[in-house]
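Colleague: show me the folded form of this:
(2 chains)
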Amino acid sequence: MKPTSAPSPRFTRLMANPSSGAIFLLVILIVVMSVAFPNFFTAINASNVSNQMVFVLLLAIGMTVVLITGGIDLSVGSVMGLSAGVGAYLITGGAPLILGLVATMAAGAFLGLVNGLMITRLGLPDFIATLAMLGVARGALFLWTGGIPIIGYMLPEYYVISGLAQPFGFITVPILIAIVAVVIVAVVLKYTSYGRHAYGLGSNPHAAVLSGVPVARVKVIAYMISGLMAGVAGMIMAGRNTTVAPTMGLGYEVAAIAAAIIGGAALGGGRGTAFGAVIGALVLSLTANAINIAGVSSSWQQIVTGGVLLLAVLFDRMSSLIRARSVRLTMRLAHA
Amino acid sequence: MSVRERLTQVVAIDGLPVAAGLVLATVFFTMTSPFFLTQENIANLLTQSIFIIILAAGMTFVLIVGGFDLSVGAATGLSAATTMLVLMNDGPLPLAVLVGVGTGMIFGIINGFVIAVMEINAFIVTLATLSIGAGALQVLTNSTQLTGVASPAFAWLTKGSILGIPSGVVITLIIVAVLEWVLLFTTFGRRVFAVGTNPRAAFLAGVSVRRLTFSVYLLSGTIAGLAGVLLASHLNSVQPGLGQGYELSAIAAAVLGGVSLAGGRGSVWRAVIGALFLATMAQGLQLIGVDPLWFSIVTGASIVIAVAFDRAVQKWVIKQLAAATRKRDVPAETDDLSSVSPAVPSTSGTRSSVRNTI
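Modeller: Numbers count the residues shown, from 1 in each chain, chains lettered A, B, ... in the order given. Coordinates of the predicted model:
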C-alpha cells in the first residue's frame, strides 16, 4: 500500500486542539469587524462586550463541566430566572443583601442537585430530566410572580455587584466574578481528582465505573456546578435588569450550549476546557455586538445564536472526522 | 434479541395507565364541576388540544426511531406566521396552506439532513433550529402585525363543523388515523420500528437508516407545518412566542402515552391519549379554579414521572426475565440496566452512530 501524503504533525496537533477552530473564528470576526466598523475596536465597546458576555460565560463554564461528564443541562436559563427570583424576593421582603445573594446561588445549586438526582437516582436521560426542569422552573417563576416582574430589591450595593455602577473603571465586579469562576473551574478540571473523574466518566462511562470512579457523585456535582453558575448569572442579571421578569433567562440554554461547543466541549463527553468556554462566549458575544453595531434589529439575535450553534456542531463534526482520518493515516504509516 | 422481543410483548400494555388516568380525570372533573361534561366544554377542550395531538403524533415517529425533535413548537409558530402572511397579502387559501406546510417541511429537511447525513446529535440540532425558528417569528412579527384575515374558508378549517363535530377535530382525526396506518401497516412504519429497536440490525437487513431517519424528521416538520396552519386558522392572529413550549407538551404527551425515549416502542393513538390527558388536566384544573400557570409545572413533572415509571417497569420486566432464565438454564449473567449505559463506540464508518441516543 502506498502511503499517501501524511499530514504534518503541526497540522494534526492544530486540528486536534478543540479550541483552535474557535480561536480562528474569533480572529476573523475581530479583524472583519474592526475594518468594517471604526467604533468596534474601542475601549468602550470592549467594556460593553465584556460586561454583556458575563452571563453566557458563566453558564457556558457550568455547561462545559456537564458536557465533559457526557451530560447536558437544558435548564440553565430557567434556573437562572428562578434563582434570581428567590434572591430578589428575599431582599424585597427585608432580608439583608448578602443573604439574598447567597440564597440566589444556593437556589441555583439546589436545582442543579435536583437535576443530578433525577438523572442518577431515577435513571432519567440527562436531556429529559433537564428539559422537565426547564419547564418546571420556568412555570414556578411564572406562577410565583403571577406574571408580574419582581421589583424593589435594588440596594445601592447591588448596583456595584451587578456592574451598573463601576467604581473601579473598566473592570466591573461581574467581570471579576467571571474571572474567578473561570480560574476555579479550570483548576478543578485540570488539577483535582474530580476533574480527572469527570473526563474519565465522559470519555468512557463503562471504564470509569470499572476503575472505581464514583460515577453518580461526579455527575451530581457537575449538575450542581452548572446550577450554581446559573445562580451566579441570575444574581448578576437581576441587578443588571433591576427587575426580575418571569421570562428572565429565557433561551439562554441555547447560547450556553453553543458557547461551550464552540469552545471545544464535545457532546459525547470527555472533551472541553474552561478556557474554551471563554473563547466560545467571546465568539457569541462579539457576534451579538456586531449585529448591534451593524444596526440590525436585535430580534435577529436568536436566529444568529441558533445558526452559530448549528455551525459549531457541524464544524466540530468535520474536525473530528479530520482528526480520525489523520489518526488512521498516522497508524497506517507506522505500520508501513 | 429475544429479551428485547419479550420485553416489547410484556410492555405492550403501554398506554393503559394513561388511558386509565384519562378516564379517572374525566370522572373526577365531571363530579367536581357541573360544567365539565357539557357539549360546549368538550368541543372547546378538543379544539384547543388538537395542536398538541397533531404534534405528539408526529413526535411519536421521531421518538420511535430513537431521535428527538425540539423544533416542532418553533416550526408550528413560524408556519402559522407564514400562512397568515400569504393570506394577508391576498394570496389564495391553497397557496397559504402550502406555504405553511412548506415552512414546516423546511425545518424537517434541515433537521433531517444535519442529523441523518452529517450524523450530529438530534438534540442539539433541533435545539438550534428551535432558536432559529423562534427568532424568525420574532423578526416577522416585529415588522408586521399578523392578524385579522377575513377568509371564511380559512376560518372554517378549525371553526366550522362537520356533522356537529368541530372541523378542526375532524381534520385532526384524519391526520391521526393516516399516521397510525402508516406506522402500523406500511413498510415505512415497519422500518421505523426496526431502526428504533436496533439500527445496526436494520442496516444489515437492508434498511437505509440514513434515508429513514431523514424521512422521519421530514415527517415531523411537515406535521408541525400542518399544526401551524390550523393554529393560524384557530387564532386568526400570530404573536411572537407562538408555539413556544409546544415541544415540551408534545414530548410529554408521547412519553405519557408510553412511547419509549430509547426508541422502538410506541404508537400514535397512545400519544393522542397522552395529549388528551394533558388537555383534560389543563381544562379541568382551570374549571375547578387552579391557576393555569400551574400547567407548565404539571407538564414538566408528568414527563419525569412517566419516564421514571417506564424505566422502573422495564427494569422489573428484565429482572423477571432474568429470573425465569436462571430457573431454566445454568446460572446466567443478567442484563442489567444500571445507571451507566455503555457508550456507543463511535467508530467512524458504522452507520449505527446515526442513532444519537444519550
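Colleague: what kind of secondary structure is the nearest residue in space to A:Y252 that is not next to it in sequence in?
Modeller: In space, and not counting its chain neighbours, A:Y252 is closest to A:G77: 3.7 Å by C-beta to C-beta, 6 or more residues apart in numbering or on different chains. Heads up, the C-betas are built off the backbone N, CA and C, glycines and all. Under DSSP: H, G, I helix; E, B strand; the rest coil, the three-state class of A:G77 is helix.
Colleague: pLDDT weak spots in chain B?
Modeller: B:1-15, B:327-358 (pLDDT under 70).
Colleague: try 50 this time
Modeller: Where chain B drops to pLDDT under 50, the residues are B:1, B:10-12, B:331-358.
Colleague: show me which helix runs longest in it.
Modeller: Of all the elements of type helix in chain B, the one with the most residues (DSSP state H) is helix B:294-328.
Colleague: so which bits of it are buried?
Modeller: Neighbour-count burial for helix B:294-328 flags B:294-304, B:306-308, B:310-311, B:313-314, B:317-318, B:321-322, B:325 (criterion: 16 or more other C-beta atoms under 10 Å in any protein chain shown).
Colleague: quick one, phi/psi of B:I162?
Modeller: B:I162 adopts backbone torsions of phi -120, psi 120, taken as degrees, to the nearest 10.
Colleague: next up, the contacts around it.
Modeller: By C-beta atoms under 8 Å, 6 or more residues apart in numbering or on different chains, the contact set of B:I162 is B:V170.
Colleague: tell me the spacing between it and chain A.
Modeller: Distance, B:I162 to chain A, using C-beta to the nearest C-beta, to the nearest Å: 35 Å.
Colleague: the helices in the chain, which residues?
Modeller: Just going to use chain A. Counting by DSSP H, chain A has helices at residues A:9-16, A:20-36, A:43-68, A:76-92, A:97-120, A:126-145, A:156-161, A:173-191, A:193-203, A:205-210, A:215-241, A:252-262, A:274-293, A:300-335.
Colleague: can you look at chain B instead?
Modeller: Counting by DSSP H, the helices of chain B are B:2-10, B:16-32, B:39-64, B:72-88, B:93-112, B:122-143, B:152-159, B:167-185, B:187-197, B:199-204, B:209-235, B:246-256, B:268-287, B:294-328.
Colleague: ok so, going back, give the burial count for the residue nearest to A:Y252, as a bare number.
Modeller: A:G77 has 27 neighbouring residues, counting by other C-beta atoms under 10 Å in any protein chain shown.
Colleague: in this structure it contacts A:E253, no?
Modeller: Yes - between A:G77 and A:E253 there is a contact at 4.6 Å, judged by C-beta atoms under 8 Å.
Colleague: overlap in contacts of the two?
Modeller: With C-beta under 8 Å, 6+ apart, A:G77 and A:E253 have common neighbours A:L59, A:L134.
Colleague: ok so, going back, so what's the residue nearest to A:Y252 up against?
Modeller: Shown in contact with A:G77 (C-beta under 8 Å, 6+ apart): A:L59, A:L134, A:R138, A:A230, A:G249, A:L250, A:G251, A:Y252, A:E253, A:A256.
Colleague: redo these as CSV? Include neighbour count and pLDDT.
Modeller: As requested, the contacts of A:G77 are exported to CSV (neighbours: other C-beta atoms under 10 Å in any protein chain shown; pLDDT from 0 to 100):
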residue, neighbour count, pLDDT
A:L59, 31, 95
A:L134, 24, 90
A:R138, 26, 90
A:A230, 38, 96
A:G249, 28, 87
A:L250, 18, 86
A:G251, 19, 82
A:Y252, 24, 90
A:E253, 26, 88
A:A256, 36, 92
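Colleague: and which of those residues is nearest A:G81?
Modeller: Distance to A:G81, by C-beta to C-beta, is smallest for A:G249 among the contacts of A:G77, at 4.1 Å.
Colleague: look up phi and psi at the closest one.
Modeller: According to degrees, to the nearest 10, A:G249 has phi 80, psi 0.
Colleague: re earlier: roughly how far does the residue nearest to A:Y252 sit from A:V232?
Modeller: 14 Å (C-beta to C-beta, to the nearest Å).
Colleague: burial count for B:E180?
Modeller: Applying other C-beta under 10 Å, we find 19 residues neighbouring B:E180.
Colleague: I'd say B:F123 and A:P125 touch.
Modeller: No - using C-beta under 8 Å, B:F123 is not in contact with A:P125, being 9.7 Å away.
Colleague: can you tell me the closest non-neighbouring residue to residue 242?
Modeller: If you meant another chain, say so; for now it's chain A. Take A:T242 and drop its neighbours on the chain: the residue closest to it by C-beta to C-beta, 6+ apart is A:M154, 5.3 Å away.
Colleague: that answer is for a different chain, and I need it for chain B
Modeller: The spatially closest residue to B:L242, leaving aside those adjacent along the chain, is B:G77, at 3.9 Å (C-beta to C-beta, 6+ apart).
Colleague: okay, now the closest residue to B:T147 other than its chain neighbours: neighbour count?
Modeller: Leaving aside its sequence neighbours, B:T147 sits nearest to B:S237 (C-beta to C-beta, 6+ apart; 3.6 Å). Residues lying near B:S237 (other C-beta under 10 Å) number 15.
Colleague: dump the residue contacts of residue 159.
Modeller: You didn't pick a chain, so chain A it is. Going by C-beta under 8 Å, 6+ apart, A:Y159 touches A:A165, A:G239.
Colleague: think we crossed wires, I meant chain B
Modeller: B:P166, B:S167, B:G168, B:S233, B:H234.
Colleague: separation between it and B:H234?
Modeller: For B:K159, the distance to B:H234 equals 7 Å [C-beta to C-beta].
Colleague: spit out the residues that contact the two alike.
Modeller: B:G168.
Colleague: confidence score at the most centrally placed residue in chain A?
Modeller: Residue closest to the mean C-alpha point of chain A, counted by C-alpha atoms, centre = their mean, is A:A60 at 0.7 Å. What the model reports for A:A60 is a pLDDT of 95.
Colleague: list the contacts of it.
Modeller: Applying C-beta under 8 Å, 6+ apart, we find A:A60 in contact with A:A255, A:A256, A:A259, A:A260, A:G263, A:A277, A:V278, A:G280, A:A281.
Colleague: ok so, going back, and the residue nearest to A:T242, how many neighbours does it have?
Modeller: A:M154: 18 surrounding residues under other C-beta under 10 Å.
Colleague: quick check: it touching A:N241?
Modeller: No - if you go by C-beta under 8 Å, A:M154 and A:N241 don't touch, sitting 9.9 Å apart.
Colleague: nearest residue to B:L22 in space, please, no chain neighbours.
Modeller: Nearest to B:L22 is B:F277, by C-beta to C-beta, 6+ apart, at 4.6 Å.
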